[in-house]
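Peer 1: Structure for the following, please:
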Amino acid sequence: MQKNEAACCESVEVHEELVKIVNETMPEETELYDLAELFKVFGDSTRIRILFVLFEAEVCVCDLAAVLNMTQSAISHQLRILKQNKLVKSRREGKSVFYSLADAHVRTIIAQGREHIEE
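Peer 2: Next up, the predicted model:
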């Protein structure tokens with residue numbers, strides 16, 4: 001078999017017990033869809049860069065724009081996506097809005113991804 005060729009069975013034999021176990025444990029389609037949508041959020045390097053900044057400190061849009069050398073508008077757009085997906089949270093202090101990681105899961109997801117690509 002060549003390196004890029006997919007492996008296929010030589011004969012068709014359905015393993016009913018295995019199929020039954022998988023069907024009983026498979027999450028609902030809506031949950032699978034939501035999970036896929038969450039992982040799409042991590043598919044943008046700007047959003048990953050924002051998360052890395054937020055690993056270090058709670059910051060406002062102005063700070064993020066300065067650190068990442070981007071416009072506030074571009075940062076705000078990405079923050080909106082991160083917030084909609086419950087990866088970041090915000091709080092208002094006077095005229096400023098500060099952003100931080102929503103919870104420790106965000107750091108764990110990124111750490112697991114980094115560990116995987118470093119193997």
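
Peer 1: in this structure, which spans are strands?
Peer 2: Secondary structure of the chain (DSSP state E): strands located at 59-60, 88-93, 96-101.

Peer 1: Comparing these, which comes out most buried?
Peer 2: Each of the strands of the chain was scored by mean neighbour count; the highest is strand 59-60, a mean of 18, by mean count of other CB atoms under 10 Å. Placement of C-beta: from N, CA and C, glycine included.

Peer 1: May I have the strands that pair with that one, each with its orientation?
Peer 2: Paired with strand 59-60 in the same sheet, following DSSP bridges, are strand 96-101 (antiparallel).

Peer 1: which outside residues touch the strand it pairs with?
Peer 2: 51, 54-55, 58-62, 64, 79, 83, 87-92, 107 (CB atoms under 8 Å, 6 or more residues apart in numbering).

Peer 1: change it to 6 Å
Peer 2: Residues outside strand 96-101 that contact it (CB atoms under 6 Å, 6 or more residues apart in numbering): 54, 58, 60, 88-91.
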